[in-house]
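A.B. asks: Sharing a model that was predicted from the sequence below.
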Amino acid sequence: MQQFINVTLTGLTEGMVYAAFALALVLIWRSTRIVNFAQGSMAAATAFIALALIQAGWSYWAALVVALVSGFVMGAVIERVVVRRVEGGPELNAVIVTLGLFVAIQAGIAIVFGSSFQSFPTPFGLQGFQVGDNRIAFTPTSLYVIGAVLVTMGLLVALFRFTRVGLAMRASAFGQEVARLLGVRVGRMLTLGWGLAAVVGSLAGLLIAGGEFIYPAYMDSLIVFGFVAAVLGGLDSPIGAVVGGLILGLALSYVSGYVPRGSALVNVSALVILMVVLLVRPGGLFASSTARRA
Amino acid sequence: MSDLQSPTTDTATAPGKATSSPPTEATAGGDQPTATRRRSLLPSSTLLRHLLLLALGAVATVVILEITDPFTNSQLATLSYYAIAAGGLTVLTGMNGQISLGHGALMAVGAYTTALFLSAEEPPPLPLILLAAIVVATAVGALVGVAAARLHGPYLAGATLALAVGLPGLAIYFHDWLGGEQGMRVRAPRAPEAFDSFISTVSGNSATNTKWLAYVGAICLLITYFLLANLVRSRVGRTWRAVRDQEVAAELAGINLGAWRVLAFTVSAAAAGLAGGVLALVVRLAAPSGFTLVLSLSLLTAIVIGGLGSLLGALLGSALLVFLPPFVTDLGAGWGLDNTEAAQLAPFVYGVVLIVAMIFAPAGFIGTLRMRWLTSRAKRSAARSSGG
Amino acid sequence: MTVIAAATAASTLAACGGGGDDSGGGSGGGDSSANEASDIGITETSIKLGAHFPLTGVAAPGYSEIPTGAQAYFDCLNQAGGVNGREIEYIYRDDAYNPSNTSQVVNQLVLEDEVFAIVGGLGTPTHSAVLDFLNSEGVPDLFVSSGSLLWGDDPETNPYTFGWQTDYMSEGKIIGDYIAENFPDAKVGLFLQDDDFGEDGEAGIREYIDDQIVAAERYTPGNTNVGPQIAALQAAGADFVVGFNVPSYTALSQLTALQLGYDPQWFYSNVGSDPTLVGNLLNNFSQGQVSDASLLDGALTTDYLPTVDEPDNPWVQEFQRIWDECGGEGELTNYRIYGMSQAYTTVQALQAAGQNPTRDGLVEAIETAGSEWEGPVLAPFRYSADSHMGTAGMSISRITGTTTEQVEPVQLTDIGDAEIESYDGEPAEVPENGIPNEESVVD
């Protein structure tokens, strides 16, 4: 029982980490219809900036704010300077550009910050809560991660549902011409979408890093699971991203904990789960009723 | 779409150019002439023309492999497996419009099949083994293709991404059978004696194992491109393009979209299987760490940079993958960077090249060249008609 | 005969002369001792060596420091006159821990750079890809940076390949024997990397304490969630956990155990126990958050090399000097000591191969004299015509704070059912300038 609880809680926290990353992908997909492979490297870059500040004596929270702001700036600049030029072109070109960014930024981090392991602090404890005689696999840091992800999800839902900016961003993504006719400044909305997505991405990067260690490629495995979680949830829905992340996190944790040599089956389980879901619902769990063809 | 009705009007100076124009160019580059036949020395029958090109390719291969040094030989062997897989992928993505981030996993299927057969007591002859690699990868590809045919855009990308990272994990799980993380070592069969005497007659070079593997790769590459080029010029290729560009019209015309998508996936999986087999021979190992996501993404990069839908483009894109990193590393070392810094420079430059190429040559290398050529020809003919 | 005598004289002179001018000593010997371009990669004034390491990507942290250590050692060696008047030109290339890349860069090293030998290529899957190639080309493949059994136990098939570090199976045996002696009542859980590393280690341990083992959990590298594995060990009631894992997973397993309030006796195999690295990682989190400042405190580990946490060890002091004088940015780390020690053994091999080494002569020299060499490595190598396995022994120590104390002196063993015995040799003394002085054993 104890083991079951711990495996579940581990999966829950891990799932929230996938969800955090999936949220960033959903945001960028909703606002620009691009799947951003560079998200992981961009997040890693801001995490390294934050770490440099913390090592220089800044507090965690100040460094967090600077990292998020630099994430926004990086996202906006990349959209204006690079992505803008391939928007409206063939879809694959945008994919290749984000792949190029992914590789180049990661290499850039290694050149600037070196490629050794560095530990990243967390403002909260790493020791599990005491329940009865046992500690459970749920720490103040897990609570912080889960809370931050849920708040972000709530903000995104509110942004898209209740604000004019959110509406304008969605309109720009779906139909540029119509949006333009309606007086939406499409270019600005796209830049804003990238900037915001980069903020969410770098938040995810910092949450993942907290209490673990980072190196230039530390986001690599999360890119895959984050993307799978986002697709699982339907790519268009912030709630779907979180649910997708949770399903993935829990399922993988059970496979890893209860199947003999299950750790080796984690990746292939992600494939099976995704395939099963997509065969039943080709647009993901939270797909809206309209057929979506990108 | 001009390329739907006019199978014989493309330039055909190379296998790649014999294929369809990429979709970008169809919109951006505009009208391909359908009526004017070019003054061409090449035969007008597609099959004959491709046979001639195959023969020319074979001669060029021998010349290139015999005048270059052993290291370049080994790089060309590497190039051959990238190019075979990229050729299959460009048919899938360029002709049929399906994206796949998982072709590295299909290559793993081919590589492991090859490794398993070669580890037998009495391995069957090499062509049979490579054929087996193709068959197994085709079967897996058909399975994936059935699922993929239902998916679009990012959903297909996500599913194939999961395939890329998921499938190689099976080799770790079934470690007794597939060698686990450390992989299966592959001993390529030695070159037949005929090969030795062939090399010594042609160039007098020594027929090393490296050279033999480079020839094996090149032969597989030539055969693959010959078959693919014929396929895309056939009714099959035209139907694929119809499925890509005119989904509704194709459906009205009685074309079963799903079946044709599955077929495209299957054909490209066959190429990936062969590429995996060649990779296993050249690398001398089939291990999960050789089939990471990076491999799948590299293949995609090769076909887009080269020019989507063009076999020649796939070949050029693969060359970029093989030759750029060592070039940059050596350049960095030449600037006085130490080995570590020079090694870090290579991926940086590679990333920047991808970005810059997509911004300034969005149709890829071949697409851009062809557009230039078409534009200048249009200008010339316009000048001629106004002058006359 | 004269050649041997002259070469010996040369190296003796070199030793007497100390650093600076040993080449001068050698060149006075007339025709028989003149340097010649005796084989590929050797000129009158240089020896070219190559290596492959992960310098970029997921495996780069840590491992990418190894060649910088070796580079620093060779640079200092070159300033002191090199080997028999030849400078070492050391080229290491990036394979990103991908066997396909390894195959390409080793092709480049052998066919284009034309190195004399490959030294210290890192990784089991990566190096497997080039094993046949190097042996069929006759390129000496020295001191592979991996404890797999592949490199040493079949010299007939792979006559040019030599292991270097203690193989994982022997290490497992030494650990198992220690537990059987000192913790006979412990319920042992294994935390294993799911590859040959974990497998060989497990096989070695089980030779001694099969009946004490209550659980064996495996993780796959790249999958950073080890919660399920640690929870399973805890649930199985293991009060002693042996980890055959890499350093990042030492930190992860410690963090997860802290989460779960799981506090067994830990024993990390050599690969995973870099107390300085892991300790730094863990301590940085602590900043008031982790109550137990040094999580690794009390953990057991094995050693076959001196480590940076022994500042009084003369070898560490010498390596520190070399790093300060010839190294690049950053601190001296255990990875760099590893690279330097490998470079040290390489120089021993080159010296033993004579004034004008050949590739076959180098192999012969290691087979003939390699088991006699002393150096930073704690126990002798097993090199002979029948075995190309590296060092055979390890000591066991306990981590206290950021230093370690030895709890069991060096033990010797071999793969298979070889006995374990104590090693009675003295620790080797550091030669002047940290440069070995082996006599040629090849004519």
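C.D. replies: On my side now, so go ahead.

A.B. asks: what's the helix or strand hosting C:S100 packed up against?
C.D. replies: Element membership of C:S100, judged by DSSP states H and E, is helix C:99-107. The contact analysis (3 or more Cβ pairs under 8 Å, 6 or more residues apart in numbering or on different chains; DSSP states H and E) places helix C:99-107 against helix B:70-90, helix B:257-283, helix B:311-334, strand C:46-53, strand C:87-94, helix C:124-137. Every C-beta, even on glycine, is put in place using the N, C-alpha and C of the backbone.

A.B. asks: Now tabulate these in CSV and tack on distance to chain A and mean neighbour count.
C.D. replies: Output for those, formatted as CSV (distance: least, Cβ to the nearest Cβ, whole Å; neighbours: other Cβ atoms under 10 Å in any protein chain shown):
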stretch, distance to chain A, mean neighbour count
helix B:70-90, 11, 28
helix B:257-283, 12, 27
helix B:311-334, 10, 21
strand C:46-53, 12, 26
strand C:87-94, 11, 23
helix C:124-137, 15, 24
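
A.B. asks: Let me have these in JSON lines, extended by mean pLDDT.
C.D. replies: Written out in JSON lines, the entries for those read as follows (pLDDT from 0 to 100):
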{"stretch": "helix B:70-90", "mean pLDDT": "92"}
{"stretch": "helix B:257-283", "mean pLDDT": "91"}
{"stretch": "helix B:311-334", "mean pLDDT": "89"}
{"stretch": "strand C:46-53", "mean pLDDT": "94"}
{"stretch": "strand C:87-94", "mean pLDDT": "92"}
{"stretch": "helix C:124-137", "mean pLDDT": "90"}
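
A.B. asks: With distance to C:G393 as extra columns, can I get these in JSON lines?
C.D. replies: Written out in JSON lines, the entries for those read as follows (distance: least, Cβ to Cβ, whole Å):
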{"stretch": "helix B:70-90", "distance to C:G393": "39"}
{"stretch": "helix B:257-283", "distance to C:G393": "35"}
{"stretch": "helix B:311-334", "distance to C:G393": "39"}
{"stretch": "strand C:46-53", "distance to C:G393": "25"}
{"stretch": "strand C:87-94", "distance to C:G393": "28"}
{"stretch": "helix C:124-137", "distance to C:G393": "21"}
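
A.B. asks: Could you check the pLDDT of A:A171?
C.D. replies: According to the model's per-residue confidence, A:A171 sits at a pLDDT of 79.

A.B. asks: From A:R188, how far off is the residue lying closest to it once chain neighbours are set aside?
C.D. replies: In space, A:A171 comes closest to A:A179 once its chain neighbours are excluded; the distance is 4.0 Å by Cβ to Cβ, 6 or more residues apart in numbering or on different chains. With the distance defined as Cβ to Cβ, to the nearest Å, A:A179 ends up 11 Å from A:R188.

A.B. asks: more crowded one of the two?
C.D. replies: In this view A:A179 and A:R188 are compared by other Cβ atoms under 10 Å in any protein chain shown, and A:A179 has more residues nearby, 20 against 14.

A.B. asks: What's the first helix or strand after the one helix or strand that one maps to?
C.D. replies: In the assignment (DSSP H and E), A:A179 maps to helix A:176-181. Next in sequence after helix A:176-181, counting helices and strands by DSSP H and E, comes helix A:186-209.

A.B. asks: roughly how far is that next one from the heart of the chain?
C.D. replies: For helix A:186-209, the distance from its own C-alpha centre to the chain's C-alpha centre is 9 Å (Cα atoms, centre = their mean, to the nearest Å).

A.B. asks: Show me what secondary structure element comes after it.
C.D. replies: Heading C-terminal from helix A:186-209 (DSSP H and E), you reach strand A:213-214.

A.B. asks: Give me the helices and strands touching that next one, please.
C.D. replies: Secondary elements touching strand A:213-214 (3+ Cβ pairs under 8 Å, 6+ apart): helix A:39-55, strand A:118-119.

A.B. asks: mind listing what it pairs with, with the direction of each?
C.D. replies: strand A:118-119 (antiparallel) (DSSP bridges).

A.B. asks: So which residues of chain A form strands?
C.D. replies: Shown for chain A, the strands assigned by DSSP state E span residues A:118-119, A:130-131, A:134-135, A:213-214.

A.B. asks: now the ones you listed in JSON lines, with mean pLDDT and mean neighbour count?
C.D. replies: Formatted as JSON lines, the strands of chain A follow (pLDDT from 0 to 100; neighbours: other Cβ atoms under 10 Å in any protein chain shown):
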{"stretch": "strand A:118-119", "mean pLDDT": "82", "mean neighbour count": "22"}
{"stretch": "strand A:130-131", "mean pLDDT": "80", "mean neighbour count": "10"}
{"stretch": "strand A:134-135", "mean pLDDT": "80", "mean neighbour count": "19"}
{"stretch": "strand A:213-214", "mean pLDDT": "84", "mean neighbour count": "24"}
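
A.B. asks: Make TSV out of those strands and add distance to B:T208.
C.D. replies: As requested, the strands of chain A are exported to TSV (distance: least, Cβ to Cβ, whole Å):
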stretch	distance to B:T208
strand A:118-119	45
strand A:130-131	67
strand A:134-135	62
strand A:213-214	45
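
A.B. asks: So for C:E432, which of those strands sits nearest?
C.D. replies: The closest of those to C:E432 is strand A:118-119. By Cβ to Cβ, the value is 37.5 Å.

A.B. asks: just to revisit the earlier point, ranking the helices and strands packed on strand A:213-214 by burial, who's on top?
C.D. replies: Mean neighbours per residue, mean count of other Cβ atoms under 10 Å in any protein chain shown, is largest over the helices and strands packed on strand A:213-214 for helix A:39-55, with a mean of 25.

A.B. asks: and B:A133, what pLDDT?
C.D. replies: With respect to pLDDT, B:A133 scores 94.

A.B. asks: For the host helix or strand of it, which residues meet the burial criterion?
C.D. replies: Here B:A133, judged by DSSP H and E, is contained in helix B:126-148. Of the residues in helix B:126-148, those scored as buried under the neighbour-count criterion (16 or more other Cβ atoms under 10 Å in any protein chain shown) are B:126, B:129-134, B:136-138, B:140-142, B:144-148.

A.B. asks: next helix or strand past it?
C.D. replies: According to DSSP H and E, the helix or strand after helix B:126-148 is helix B:153-173.
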